[in-house]
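[1] for reference, the sequence and a predicted model appear below.
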Number of protein chains: 2
Amino acid sequence: MATHSKRTKIEDIRRVELIAAAHRVFLEHGLHGMTSARICREAGMSPGILAYYFKGKDEVLFGMVRYNNRLLMEDVIARLKAARTGWERLEAIVEGNFPASAFTRPIANAWLSVCAEAGVNPQYARLQRLFYRRLRSNLASVFDGAAAESRLREASFIIAALIDGLWLRKAAADDLGRDEAISLVFSGISSLLGDGEERRLRHPAV
Amino acid sequence: MATHSKRTKIEDIRRVELIAAAHRVFLEHGLHGMTSARICREAGMSPGILAYYFKGKDEVLFGMVRYNNRLLMEDVIARLKAARTGWERLEAIVEGNFPASAFTRPIANAWLSVCAEAGVNPQYARLQRLFYRRLRSNLASVFDGAAAESRLREASFIIAALIDGLWLRKAAADDLGRDEAISLVFSGISSLLGDGEERRLRHPAV
DNA sequence: CAGAATCTTGTATGAGCATACAAAATTCTT
DNA sequence: AAGAATTTTGTATGCTCATACAAGATTCTG
């Protein structure tokens, strides 16, 4: 029908606006403080609007998490494409996990609240697992050319856990900055890899 | 007055029973699922009893967190006393952070839910910070004799973050066991410390 | 044992929230 | 512009939960 394209357009606009608003509320107040009313207020709309464009709050929520993950991943993927050496790919992954000006206590807390919810809600757990699998396989693919097979799983496990732990620490104590966190991760990587392995990564052969 | 000793006794008993029940509920359902009604049911009492023995739910909650931390710390402290070499002290700290048969997905989730809450509630944040300071200073005191001054802060930072990250991973993916986690931490420690440093730790001179 | 003190129960109240929905406002169609 | 389709609003409903409290049960005291 003729009206179809128009209707779809408005609907898509509103959905995106609401999800973006939800994202802002989420980053500021965490999952728990992300109420329907607040989302609508943040979007400058009336409280009832959510029910019109979404089946329920969960739909907004999952949309928001996907939105968030997409934002994070875009950066990593772009940098991975541009990388010429294994080391550069490593930098892309590690720094992508500490997005500039997003390594903040409120954001760390927000992320943490999702992890906590994932323990209860299987839907969240699924999203979370997807995200982790990607990080891990990215790391593994970089180490692949450089490290001994036996260390591969171990090293990417440790680095992935280290990254998470630093975020957690950011949330709990807020006593380290982004650059410091990144340099700690590289410090860990350098220790885990032998000198030869690290040298191989710096070689421009992907 | 004459009745004082008796009243105090019952009151103490009930408070402990309720806090222990709260702890059990907490480990099973996380912070969010720890409702007043569930705590009382778990303790085999009526729903109204909480208000009689506690000023509010928060009091039960903080009592429960303290109870939990005490349980964890007792084990670590006992093992630290018995340790003869620096390496043994390290083992006490690391293994104390993965209590036997407590490295479980529900428990990891429960712990995570406290971390998330600490981001919102300053009271929790205080308890959390206390706990972290202790872990960190324990680690630092072990490394103290063995590692170069410049690496000391860095290494204890990394190991503390690694431990947290492994718990987080347990909550998110549940794809590693207690022994595996511990061996990953030691693997990280070995990499971070030079051979000489590690050898010094194994020497029985505390 | 009677009466008082203490303990325990079950329920009532009210706050905060997601969701449903009727009615108002806007936009589209002809 | 009139009427239809849609979008938006504000509010009502019902749920879960913490907390308050009246009334009942138990234990203590003399």
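    Arrived safely, thanks for sending.

[2] residue ranges with poor pLDDT in chain A?
    Of all residues in chain A, those with pLDDT under 70 make up the ranges A:1-8, A:147, A:205-206.

[3] flag every residue of it that's near chain B.
    A:30-33, A:105-106, A:108-109, A:112-113, A:115-116, A:118-120, A:125, A:128-129, A:132, A:154, A:157-158, A:160-166, A:168-169, A:171-173, A:176, A:184, A:187-188, A:191-192 (C-beta under 8 Å from any C-beta of the partner chain). C-beta here means a position set from N, CA and C on the backbone, and glycine is covered the same way.

[4] buried subset of the residues you listed?
    Among these, those buried by neighbour count (16 or more other C-beta atoms under 10 Å in any protein chain shown) are A:30-32, A:106, A:108-109, A:112-113, A:115-116, A:118-119, A:125, A:128, A:132, A:154, A:157-158, A:160-166, A:168-169, A:171-172, A:176, A:184, A:187-188, A:191-192.

[5] just give the closest residue to A:A92, not the sequence neighbours.
    Here the nearest residue to A:A92 in space, its sequence neighbours aside, is A:R79; by C-beta to C-beta, 6 or more residues apart in numbering or on different chains that works out to 3.5 Å.

[6] right, is the one helix or strand that neighbour maps to up against DNA strand D?
    With elements delineated by DSSP states H and E, A:R79 resides in helix A:57-82, which encompasses its position. No. Helix A:57-82 does not reach DNA strand D (C-beta under 7 Å from any atom of the strand); its nearest approach is 11.7 Å.

[7] go through that helix and flag the buried ones.
    Neighbour-count burial for helix A:57-82, with 16+ other C-beta under 10 Å as criterion, is recorded at A:60-65, A:68, A:73, A:75-76, A:79-80.

[8] could you say what helices and strands it packs with?
    The contact analysis (3 or more C-beta pairs under 8 Å, 6 or more residues apart in numbering or on different chains; DSSP states H and E) places helix A:57-82 against helix A:4-29, helix A:86-96, helix A:122-144.

[9] which ones are touching the one residue in chain A that gets nearest to DNA strand D?
    When you check chain A against DNA strand D by C-beta to the nearest atom of the strand, the closest residue turns out to be A:G48, at 1.9 Å. Residues in contact with A:G48 (C-beta atoms under 8 Å, 6 or more residues apart in numbering or on different chains) are A:C40.

[10] ok, back up a step: the helix holding A:R79 vs helix A:86-96, what angle?
    Regarding helix A:57-82 and helix A:86-96, their directions subtend 150 degrees when assessed with axes from the mean of the first three to the mean of the last three C-alpha atoms, to 10 degrees.

[11] roughly how far is helix A:57-82 from the heart of the chain?
    Per C-alpha atoms, centre = their mean, to the nearest Å, the displacement of helix A:57-82 from the mean C-alpha position of its chain is 7 Å.

[12] report whether that helix contacts DNA strand C.
    Yes. Figure legend: helix A:57-82 in contact with DNA strand C (C-beta under 7 Å from any atom of the strand); contacting residues A:57-58.

[13] that helix vs helix A:4-29, what angle?
    In this structure, helix A:57-82 runs at an angle of 90 degrees to helix A:4-29, with the same axes, to 10 degrees as the basis.

[14] before we move on, back to that, for the buried residues of helix A:57-82, which one is nearest chain B?
    A:V65 (13.7 Å; C-beta to the nearest C-beta).

[15] hmm, back to that, just the buried ones among the residues of chain A next to chain B: which are in helices?
    With helices taken from DSSP state H, the overlap with those comprises A:106, A:108-109, A:112-113, A:115-116, A:118, A:125, A:128, A:132, A:154, A:157-158, A:160-166, A:168-169, A:171-172, A:184, A:187-188, A:191-192.

[16] can you tell me which of the helices and strands packed on helix A:57-82 is packed in deepest?
    Each of the helices and strands packed on helix A:57-82 was assessed for mean neighbour count using mean count of other C-beta atoms under 10 Å in any protein chain shown. The highest is helix A:86-96, with a mean of 21.

[17] now that one - C-alpha only, CSV.
    Extracted in CSV, the C-alpha atoms of helix A:86-96 (Å, rounded to 0.1, in the frame of the first residue of the first chain):
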residue,chain,number,x,y,z
GLY,A,86,49.7,-8.7,14.2
TRP,A,87,50.7,-6.2,16.9
GLU,A,88,48.5,-3.6,15.4
ARG,A,89,45.6,-6.0,15.3
LEU,A,90,46.3,-6.6,19.0
GLU,A,91,46.3,-2.9,19.7
ALA,A,92,43.0,-2.6,17.8
ILE,A,93,41.4,-5.3,20.0
VAL,A,94,42.8,-4.2,23.3
GLU,A,95,42.1,-0.5,22.8
GLY,A,96,38.7,-1.3,21.3
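
[18] check which helices and strands it is in contact with.
    Using 3+ C-beta pairs under 8 Å, 6+ apart as the test, helix A:86-96 ends up in contact with helix A:57-82, helix A:122-144, helix A:178-192, helix A:195-202.

[19] which residues are in contact with stretch A:10-26?
    Counting by C-beta under 8 Å, 6+ apart, A:33-34, A:38-40, A:42-43, A:45, A:49-50, A:53-54, A:60-61, A:63-64, A:67-68, A:110 sit against stretch A:10-26.

[20] go again with 10 Å.
    Under the contact criterion C-beta atoms under 10 Å, 6 or more residues apart in numbering or on different chains, stretch A:10-26 has outside partners A:31-36, A:38-45, A:49-50, A:52-54, A:57, A:59-68, A:71, A:106-107, A:110-111, A:113-114.

[21] quick one: stretch A:146-159 to chain centroid distance?
    If you compare the mean C-alpha spot of stretch A:146-159 with that of the full chain, they lie 22 Å apart, counting by C-alpha atoms, centre = their mean.

[22] report the buried residues of it.
    Within stretch A:146-159, the residues scored as buried using 16+ other C-beta under 10 Å are A:146-147, A:151-152, A:154-159.

[23] extract the CA atoms of that stretch and return them as CSV.
    Coordinates of each C-alpha in stretch A:146-159 appear next as CSV, following Å, rounded to 0.1, in the frame of the first residue of the first chain:
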residue,chain,number,x,y,z
ALA,A,146,52.8,-16.1,17.1
ALA,A,147,52.3,-18.3,20.1
ALA,A,148,52.8,-22.0,20.7
GLU,A,149,49.5,-23.9,20.3
SER,A,150,49.4,-25.0,24.0
ARG,A,151,49.7,-21.4,25.2
LEU,A,152,47.2,-20.0,22.8
ARG,A,153,44.0,-20.9,24.7
GLU,A,154,45.6,-20.0,28.0
ALA,A,155,46.9,-16.7,26.9
SER,A,156,43.7,-15.5,25.3
PHE,A,157,41.8,-16.7,28.4
ILE,A,158,44.1,-14.7,30.7
ILE,A,159,44.0,-11.5,28.6
